[in-house]
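> just to be clear, the model below is a prediction. Sequence and coordinates:
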Amino acid sequence: MKVRKKQSKRTSTRMREGIKKKAAAQHRKERKQAKKDVTWKSNKKDPGIPASFPYKGKILEAIETRRQQELEDKEAKRQERLNAKRQAVENGEVSMDDDMDAEHDEGSNGLAALMESAQQAAAEYNNGVGQHAPEQQDEEPHDVVEYDIDFYANDDDDEDAEVSSSELDKSRKAYDKIFKTVVDASDVVLYVLDARDPEGTRSRKVEEAVLQSQGKRLILILNKIDLVPPFVLEQWMAFLKSSFPTIPLRAAPGATNASSFNKKLTQSGTASALLESLKTYANNSNFKRSIVVGVIGYPNVGKSSVINALTSRRGGFSKVCPVGNQAGVTTSLREVKIDNKLKILDSPGICFPSETGKKSRKEQEAELALLNALPPKYIVDPYPAILMMVKRLSKSEEMTEAFKKLYELPPIPASDADTFTKHFLIHVARKRGRIGKGGVPNLSSAGISVLNDWRDGKILGWVLPNSSKDTATKAASQVKGATSTQLKKTEQTAIVNEWSKEFDLDGLFASLDNAIAADDTDMN
Ligand SMILES: Nc1nc2c(ncn2[C@@H]2O[C@H](COP(=O)(O)OP(=O)(O)OP(=O)(O)O)[C@@H](O)[C@H]2O)c(=O)[nH]1
């Protein structure tokens, strides 16, 4: 008997693909129709707490306090982890690089981030990485020449680095190297300070290091003078001039919406006065070569802008060095030739964490954030910096009024700075639409936007010199290993007088003082 073979259920590929295609088309159609049909959709947007609810403010505050607590807990845990890692580094179980990477990954350690970027810059320098970046060249032809940084390479230090056994030592060395290299290479050091907080951006270690190097000159550059009123500028000039020759400067025009006091001290006017002084020194010096002027300072104080201002022509704007409103734009050393007698050296911003060693990490980060020395991405919690800013602004009626006006602040019934700051941030968050889930104001986002306003000079804020004590002497005594000769007032005065003559600063001050006085009259 013949057995019939069972027929296979297998279909042809063409048929299977056809079914798949039809099914896909059907699904597409259903999805499209579902999108059009609104009947089943619920309103997903959380309306938040109704404005009429009597305890809304308290609830929001409680939510915010809880959020802050969570942040603090997180930070404490992070610190614990970091300490454990540091311990491991000290015990030689983990390398410092691993440690730094971990800190960086967490995106919250600003100091480490700055150190890391500085180390990177030093490493680039050691490797002789070229500085040419075509997009950073000025469009106009000018007589500025950039040199490869190998020109200053110091082999001895590299050997030292190789023999150094500890990774930690190595990283410290790399960090300090930027500053050391600039000072070693320079005949004149321009130490750029932010006029809004000169003491905050000043380090006595820098001054000591220059004083110890024979034959070098240190000039303090008080930059961003357009952001402080004339009386603040005058007080700081008088204060700083007693320590070192000081020149006021407006290195950049500033943002259009930034406050602009001291209008008569223009960018081109102050920059050409500085250039003349440097040229006078270069011409009077007995060097057979051109003099090298190193520009140093905290991140974002305007070092690159100083060089751009010096190289710009006829009040125009030169882009020899990259400039940005965030810290850490300059990452490598860059030498710019002004003329046959003058070369300028730009450097990455340097902070000296050891000087603020007694303060807590949070305080240090808040200070750096307020000095705009931290890129926003490294600011985890802007609250401490905003609180610091509010306290600073409350010291003067003029600053407080301008602040209230800028943010259109309603009367805030707050007894202390902390409560005021919280209410202020809630106000900013609401006004700028920084609202999170459940209608909760995102105070962190609001804080960052306020810090950006502060960085761009929209908020009027300044610090006055501490005249109650002789701050200069007090601070100088903190300098480790400083010799008594360096600290004597008479010696300091002699230095100021002698150096001022070499740079012909008297002539420069006469014209600038007139402009300040004229500006002052306008203000009153
Ligand atoms: N209003 C005002 N802004 C200035 C002045 N000088 C510089 N700036 C601004 O400050 C910001 C920082 O300037 P940079 O020249 O990049 O500062 P830097 O010190 O080189 O910064 P790093 O590269 O981080 O070290 C920029 O947005 C400049 O426009 C000034 O005199 N007035």
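Structure's in. What do you need? Quantities reported herein were computed from a predicted structural model and do not represent experimental measurements. Numbers count the residues shown, from 1 in each chain.

> can you pull the domain assignment for this protein?
144-154+166-346, 361-456 (the TED database).

> return the most buried member of those.
domain 144-154+166-346 (a mean of 20; mean count of other C-beta atoms under 10 Å). Quick note: C-beta positions are derived from backbone N, CA and C, even for glycine.

> pLDDT of that domain, averaged?
Mean pLDDT, computed over domain 144-154+166-346, is 76.

> then stretch 371-389?
Averaging pLDDT along stretch 371-389 gives 84.

> so is that stretch next to the ligand?
No. Stretch 371-389 lies out of reach of the ligand by C-beta under 6 Å from any ligand atom, never closer than 7.6 Å.

> distance between the ends of that stretch?
Criterion C-alpha to C-alpha, to the nearest Å; first-to-last residue distance in stretch 371-389 is 10 Å.

> distance of residue 244 from residue 206?
10 Å (C-beta to C-beta, to the nearest Å).

> so what sits against both of the two?
191, 218 (C-beta atoms under 8 Å, 6 or more residues apart in numbering).

> need the contact list for the closest residue to residue 504 other than its chain neighbours.
Distances taken as C-beta to C-beta, 6 or more residues apart in numbering place residue 280 nearest to residue 504, at 4.6 Å, with adjacent residues excluded. With contact set as C-beta under 8 Å, 6+ apart, residue 280 has these partners: 502, 503, 504.

> the strand or helix carrying residue 280 and the ligand, are they touching?
If you go by DSSP states H and E, residue 280 is part of helix 267-284. No. On the criterion C-beta under 6 Å from any ligand atom, helix 267-284 is out of touch with the ligand, staying 7.0 Å away.

> can you dump the C-alpha atoms of that helix in PDB for me?
Taking C-alpha atoms only, helix 267-284 is exported to PDB below (Å, rounded to 0.1, in the frame of the first residue of the first chain):
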ATOM      1  CA  GLN A 267      39.800  98.800  26.500                       C
ATOM      2  CA  SER A 268      42.100 100.500  24.000                       C
ATOM      3  CA  GLY A 269      43.100 103.300  26.400                       C
ATOM      4  CA  THR A 270      44.100 101.100  29.300                       C
ATOM      5  CA  ALA A 271      45.700  98.400  27.000                       C
ATOM      6  CA  SER A 272      47.800 100.900  25.100                       C
ATOM      7  CA  ALA A 273      48.900 102.500  28.500                       C
ATOM      8  CA  LEU A 274      50.100  99.000  29.600                       C
ATOM      9  CA  LEU A 275      51.800  98.300  26.300                       C
ATOM     10  CA  GLU A 276      53.600 101.600  26.500                       C
ATOM     11  CA  SER A 277      54.900 100.700  30.000                       C
ATOM     12  CA  LEU A 278      56.100  97.300  28.900                       C
ATOM     13  CA  LYS A 279      57.800  98.900  25.900                       C
ATOM     14  CA  THR A 280      59.500 101.500  28.100                       C
ATOM     15  CA  TYR A 281      60.800  98.700  30.300                       C
ATOM     16  CA  ALA A 282      61.900  96.700  27.200                       C
ATOM     17  CA  ASN A 283      63.700  99.700  25.700                       C
ATOM     18  CA  ASN A 284      65.400 100.600  29.000                       C
END
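
> the helix or strand following that helix pairs with which strands, and in what direction?
Per DSSP H and E, the first helix or strand lying C-terminal to helix 267-284 is strand 291-297. Sheet pairing of strand 291-297 (DSSP bridges) gives strand 188-194 (parallel), strand 342-346 (parallel).

> now distance to the ligand too, for those strands, in CSV please.
Below are the strands paired with strand 291-297 laid out as CSV (distance: least, C-beta to the nearest ligand atom, whole Å):
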stretch, distance to the ligand
strand 188-194, 7
strand 342-346, 7
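
> so which of the ones you listed gets nearest residue 450?
strand 188-194 (18.0 Å; C-beta to C-beta).
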